[in-house]
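Undergrad: please find the sequence and the predicted model below.
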Number of protein chains: 2
Amino acid sequence: MNRRLCLARRPAGKLSATDLVLIDEPVPVPGPGEVLVRNTWLSIDPSIRIRLAETTPDGYLPPLRPGEPLTGLALGIVAETRDPAYAVGDLVSHTLGYREFAVVGAGSQTIGGYGAPARIDNGDLPPQWFLGPLGSAGLTAYVGLVEILELTAADTLWVSSAAGAVGALAAQLAALRGATVLGSAGSPEKVAYLRDELGIAAFDYHDPALAESLTALAPTGIDAYFDNVGGDHLTAALDALRPHGRVALCGAVSGYDGTAAVGPPNLFTMVAKGLRMRGFRAGSFNHLEQPMRAEIAGHLAAGRLIHRESVFDGIERAGEALVAMLSGATTGKTLCRLL
Amino acid sequence: MNRRLCLARRPAGKLSATDLVLIDEPVPVPGPGEVLVRNTWLSIDPSIRIRLAETTPDGYLPPLRPGEPLTGLALGIVAETRDPAYAVGDLVSHTLGYREFAVVGAGSQTIGGYGAPARIDNGDLPPQWFLGPLGSAGLTAYVGLVEILELTAADTLWVSSAAGAVGALAAQLAALRGATVLGSAGSPEKVAYLRDELGIAAFDYHDPALAESLTALAPTGIDAYFDNVGGDHLTAALDALRPHGRVALCGAVSGYDGTAAVGPPNLFTMVAKGLRMRGFRAGSFNHLEQPMRAEIAGHLAAGRLIHRESVFDGIERAGEALVAMLSGATTGKTLCRLL
């Protein structure tokens, strides 16, 4: 059988484990041009929370209905192939996570997909890195810094959710490129992790107030903000940005549970200070995967970049992993390991 | 004596004539490096409303205190000079409007200033055009389209407040550059002006709902939005923008009276659609004044660009002019003529 993590009911506010349910189905059968993948690693990302709401933002994937399986990035081994481009045993990444088996293919209707599964040659590297620092998280951090913020060594950058999968990479990559970096996180443990292990100037966003922490760590303001949080974080960033500052809108986890559906009240400061803000998704920048992997793999190999994983074992724990990650209980890349 | 329009009391909501008062002072005396200017034309712009509130946005000029004179762009004739760079009789523009006489100079503390007064050679052209299409309004429209939106002929552009000084120029310049243009305004008369005189597809933002009008005029969405209004207009634009669309934040007149101090609730669509938004002030792009003047003067001379003025005569009517402009009662460039 194929166990899949499905939406049981729409969460009201914070996601709870009882909003999700594992549902069995027969292992699906690939059609022509498709492959059957046995998933080995599931990427547990905050953005799936968006699709558990009644409606999704304009331009986003549609909401999931109760009973439907969650989707997300995953790695797996080709178990059966009806596409000559793939062989049994190939390691591939695709977008039908949160389940044990998936049928995917260039011709199939992969929901939320980047199209055909991508063959991964992980060499000596841990395969799950291709969901993290060498995969979507790495590309998101890289694109945000290089393409969206056009970061330079002269910049002072604030990264929110800096102990998360994307944030920790963005903060470290920015520091390695010579920028002055501040990172925020939601617990003393995460702040200690950022300071002591990653070497990033860090603060807890709960206390003192964001504006106070930003002023203390960047008394003359910031040049760039890598936003993973939205809400009050974005508001504080707009206030802290120096003239001609830039914002990369990457995520807005503070609003994913529907509690923060107002924009920053100080948006007009963008006019006053000539600020720029740009939203992005890594999937629009797949052409940068190779330079991203070259840069990040080099740092990982040299020990210059720290990568932490929070791993939950078994499809039975996929829901727990998602709830934990959304509540801020995990550090670094959150993963569910299936084999 | 020198009559100056001053803040009488902070307006609560919409500005009313009784919030302003004319106060006399002796004609000021220029010091070394300064000139005395007898103002001839005052530019009546919405942004001064920002400085009448208790607080101003981060990066903006400070609030005016009750009793202080308003400031704004103005044209005048040098009446007395203590700077050899200026001669009596020179036509100059500067930022100490809303008064009959002003002392300005490179070395003086001009509040909100662009620095020294700029000598204007208006040739055969009406001098007040250098406050409008060949001055700040023209530069604002030009910069918004060319620098901020990087407008192309393939774009569908929405300009809000399109019957206003900046909006009418932006809408026409964009159309002259080959773009498809929609303009919104707040009365049937203004919509008729846009449609019949400027040849711009136009709609009244009051009715039907913004989203409905946008869908009717641009069924497949817009590529770019020139924002003079903020609030619900910006929200509607974010929804209507196609992937990779752009927003130029120029003004936010809907929020200047303090009634709309929340940001767009749908900001996350910027991530979903990869949108860009950038705030700007023309004063940061003075290096583009020459190409702007060349383009706009050419269109004006050839009759391809329509320029309308709403003129109020006498410093006694400066307050009435400002109240009328902010309430949407004027069309095109609002001016107060002093001589």
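TA: Now that the structure is in, tell me what you want to look at.
Undergrad: using the three-state scheme, assign A:Glu295.
TA: The three-state label given to A:Glu295 by DSSP: H, G, I helix; E, B strand; the rest coil is helix.
Undergrad: would you agree it is in contact with A:Tyr142?
TA: Yes. If you go by CB atoms under 8 Å, A:Glu295 and A:Tyr142 touch, sitting 6.9 Å apart. Using the backbone N, CA and C atoms, a C-beta is placed for each residue, glycine as well.
Undergrad: overlap of the contact sets of the two?
TA: Taking CB atoms under 8 Å, 6 or more residues apart in numbering or on different chains as the contact criterion, the common neighbours of A:Glu295 and A:Tyr142 are A:Leu173.
Undergrad: please say which of those two ends up with more neighbours.
TA: It is A:Tyr142, of A:Glu295 and A:Tyr142, that has more neighbours when counted by other CB atoms under 10 Å in any protein chain shown, with 24 against 17.
Undergrad: ok, now which ones touch the more buried one?
TA: A:169, A:173, A:288, A:291-292, A:295-296.
Undergrad: reformat these as JSON lines; add secondary structure, pLDDT and distance to A:Glu150.
TA: Compiled in JSON lines, those are given as follows (DSSP: H, G, I helix; E, B strand; the rest coil; pLDDT from 0 to 100; distance: CB to CB, whole Å):
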{"residue": "A:Leu169", "secondary structure": "helix", "pLDDT": "98", "distance to A:Glu150": "18"}
{"residue": "A:Leu173", "secondary structure": "helix", "pLDDT": "98", "distance to A:Glu150": "14"}
{"residue": "A:Leu288", "secondary structure": "helix", "pLDDT": "97", "distance to A:Glu150": "13"}
{"residue": "A:Pro291", "secondary structure": "helix", "pLDDT": "97", "distance to A:Glu150": "15"}
{"residue": "A:Met292", "secondary structure": "helix", "pLDDT": "98", "distance to A:Glu150": "15"}
{"residue": "A:Glu295", "secondary structure": "helix", "pLDDT": "97", "distance to A:Glu150": "16"}
{"residue": "A:Ile296", "secondary structure": "helix", "pLDDT": "98", "distance to A:Glu150": "18"}
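Undergrad: just the buried ones from those?
TA: A:169, A:173, A:292, A:295-296 (16 or more other CB atoms under 10 Å in any protein chain shown).
Undergrad: now do the same contact list for A:Pro150.
TA: Not quite, residue A:150 is Glu, not Pro. By CB under 8 Å, 6+ apart, the residues touching A:Glu150 are A:Arg246.
Undergrad: name the helix or strand for it, please.
TA: Secondary structure assignment for A:Glu150, by DSSP states H and E: no helix or strand.
Undergrad: what does it show for phi and psi?
TA: Backbone dihedrals for A:Glu150, given as degrees, to the nearest 10, come out at phi 50, psi 50.
Undergrad: if I look at it, how far off is A:Asp223?
TA: Distance, A:Glu150 to A:Asp223, by CB to CB, to the nearest Å: 10 Å.
Undergrad: same check, this time on A:Thr235
TA: The span separating A:Thr235 from A:Asp223 equals 18 Å under the rule CB to CB.
Undergrad: now swap in A:Ala165 and tell me
TA: A:Ala165 sits 24 Å away from A:Asp223 when distances are taken as CB to CB.
Undergrad: give me the more crowded residue out of those two.
TA: A:Ala165 (33 against 23).
Undergrad: surely the more buried one and A:Ser47 touch.
TA: No. The pair formed by A:Ala165 and A:Ser47 falls short of the contact definition of CB under 8 Å, at 11.2 Å.
Undergrad: still on that earlier bit, may I see the contacts of A:Tyr142 organised as TSV, with distance to A:Lys273 added?
TA: Formatted as TSV, the entries for the contacts of A:Tyr142 read as follows, by distance: CB to CB, whole Å:
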residue	distance to A:Lys273
A:Leu169	28
A:Leu173	26
A:Leu288	29
A:Pro291	31
A:Met292	30
A:Glu295	31
A:Ile296	32
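Undergrad: and which of these is nearest chain B?
TA: Nearest to chain B among those, counting by CB to the nearest CB, is A:Leu288 at 13.9 Å.
Undergrad: list the contacts of that closest one.
TA: Under the criterion of CB under 8 Å, 6+ apart, the contact list for A:Leu288 reads A:139, A:142-143, A:146-147.
Undergrad: show me those residues that map onto helices.
TA: Taking DSSP state H, the ones among the contacts of A:Leu288 that sit in helices are A:139, A:142-143.
Undergrad: tell me what the residue of the stretch 201-339 of chain A found nearest chain B is bridged to.
TA: When scored by CB to the nearest CB, the stretch 201-339 of chain A has A:Gly263 as its residue closest to chain B, at 2.4 Å. According to DSSP bridges, the partner residues bridging A:Gly263 are B:Gly263.
Undergrad: now do the same for it: its pLDDT.
TA: We note a pLDDT of 86 for A:Gly263 in this prediction.
Undergrad: okay, now it: neighbour count?
TA: Residues near A:Gly263, counting by other CB under 10 Å, number 22.
Undergrad: got the contact list for it?
TA: Listed by CB under 8 Å, 6+ apart, the contact partners of A:Gly263 are B:262-267.
Undergrad: highest neighbour count among these?
TA: Neighbour max across those (other CB under 10 Å) = B:Leu267, 28 neighbours.
Undergrad: apart from its chain neighbours, what residue comes closest to it?
TA: With CB to CB, 6 or more residues apart in numbering or on different chains as the criterion, B:Leu267 has its nearest non-adjacent residue at 4.5 Å, and that residue is A:Gly263.
Undergrad: re earlier: of all the contacts of A:Gly263, which comes closest to chain A?
TA: Within the contacts of A:Gly263, distances to chain A taken as CB to the nearest CB reach their minimum at B:Gly263, with 2.4 Å.
Undergrad: next one: phi and psi at A:Leu176?
TA: Reported as degrees, to the nearest 10, the phi and psi values for A:Leu176 are phi -70, psi -30.
Undergrad: need the per-residue pLDDT for it.
TA: A:Leu176 carries a pLDDT value of 98.
Undergrad: just confirm A:Pro62 contacts A:Ala53, I think it does.
TA: No. A:Pro62 lies out of contact with A:Ala53 (CB under 8 Å); the separation is 10.7 Å.
Undergrad: these two: who's more crowded?
TA: When A:Pro62 and A:Ala53 are compared on other CB under 10 Å, the one with more neighbours turns out to be A:Ala53, at 15 against 10.
Undergrad: is stretch A:65-80 anywhere near chain B?
TA: No. For stretch A:65-80, no contact with chain B is found by CB under 8 Å from any CB of the partner chain; the gap never falls below 15.6 Å.
Undergrad: follow-up on the earlier one: now do the shared contacts for A:Glu150 and A:Asp223.
TA: When contacts are counted by CB under 8 Å, 6+ apart, the set common to A:Glu150 and A:Asp223 consists of A:Arg246.
Undergrad: partners of the helix or strand of chain A with the lowest mean pLDDT, with directions?
TA: Per-element confidence for chain A was summarised using mean pLDDT, DSSP states H and E. The lowest value among helices and strands belongs to strand A:118-119, with a mean of 92. With DSSP bridges as the criterion, the sheet partners recorded for strand A:118-119 are strand A:91-94 (antiparallel).
Undergrad: return the alpha-carbon coordinates of the partner strand using PDB.
TA: This file holds the C-alpha atoms of strand A:91-94, laid out as PDB (Å, rounded to 0.1, in the frame of the first residue of the first chain):
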ATOM      1  CA  LEU A  91      17.700   8.900  -7.800                       C
ATOM      2  CA  VAL A  92      15.300  11.600  -8.700                       C
ATOM      3  CA  SER A  93      13.700  14.700  -7.100                       C
ATOM      4  CA  HIS A  94      10.100  15.700  -7.800                       C
END
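Undergrad: no further queries at this time; thank you.
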